[in-house]
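Undergrad: here is a sequence with its predicted model. Questions after.
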Amino acid sequence: MRELSLNVLDIVQNSITAKATLIKIELIEDINNDILKINIFDNGKGMTDEQIKSVTDPFYTTRTTRKTGLGIPLFKMAAEMSGGSFKIESIVGVGTKIFTSYIHSSIDRMPVGNINETVSMLIQMNPDIDFVYTHTFNEKSYSLDTRELREQLEDVPLDTPDVIEWINDYLKENDSIITV
């Protein structure tokens, strides 16, 4: 994968397959300490200890449509290639947590890519799943929580074109505020 946002998309697809109803995505850019972190948490079905040990093997998958599972191994490789780290925690019936860190300035770090587009697309394509996206840049931060949107919108679906347009504008506007 050429961008970390595509890794995020793939990992979140795993969460969706695991029947998660809440998925949290954190993008943390700490330029002062030269660290980039991407964390993904879900409340899906979780994994056994044996699955956790196998999940970073590219030839391990629970899918029946293909014989390899590249999402998590590629995410791990991307982090480690930049001098960062990868950690996964999971409890059956509770969910999974994935923590990645990257050396922000590393020439080997893949670009983040258009994470806002990824988040927006995930919401649009999965309007019944709740997402919490948090972007932190140094000391500034903002969040988008679809649970809060649902409260405000009452019966308007999250995949309505006007809602998606608002989400896109919100993400873009807040990114421009925190990265100044």
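TA: Nice, I can see it.
Undergrad: longest helix in this protein, please.
TA: When the chain is parsed with DSSP state H, its longest helix is helix 161-178.
Undergrad: ok now that helix, how far from the chain's centre?
TA: Using C-alpha atoms, centre = their mean, to the nearest Å, we find the averaged C-alpha position of helix 161-178 to lie 17 Å away from the chain's own average C-alpha position.
Undergrad: what helices and strands are in contact with that helix?
TA: Counting contacts by 3 or more C-beta pairs under 8 Å, 6 or more residues apart in numbering; DSSP states H and E, helix 161-178 is packed against helix 115-125, strand 130-137, strand 140-145, helix 146-153. Using the backbone N, CA and C atoms, a C-beta is placed for each residue, glycine as well.
Undergrad: other SSEs contacting the helix or strand of the chain with the lowest mean pLDDT?
TA: Within the chain, judged by mean pLDDT, DSSP states H and E, the helix or strand with the poorest mean is helix 49-54; its value is a mean of 88. Using 3+ C-beta pairs under 8 Å, 6+ apart as the contact criterion, the elements in contact with helix 49-54 are strand 85-91.
Undergrad: which residues does the strand it packs on contact?
TA: Counting by C-beta atoms under 8 Å, 6 or more residues apart in numbering, the neighbours of strand 85-91 from elsewhere in the structure are 46-47, 51-52, 55-56, 72, 75-76, 79-80, 96-101.
Undergrad: could you give the mean pLDDT of the helix or strand that it is followed by?
TA: Note on strand 85-91: by DSSP states H and E, the next helix or strand toward the C-terminus is strand 95-103. Taken as a whole, strand 95-103 has a mean pLDDT of 97.
Undergrad: okay, the angle between strand 95-103 and strand 85-91?
TA: Calculated by axes from the mean of the first three to the mean of the last three C-alpha atoms, to 10 degrees, strand 95-103 forms an angle of 170 degrees with strand 85-91.
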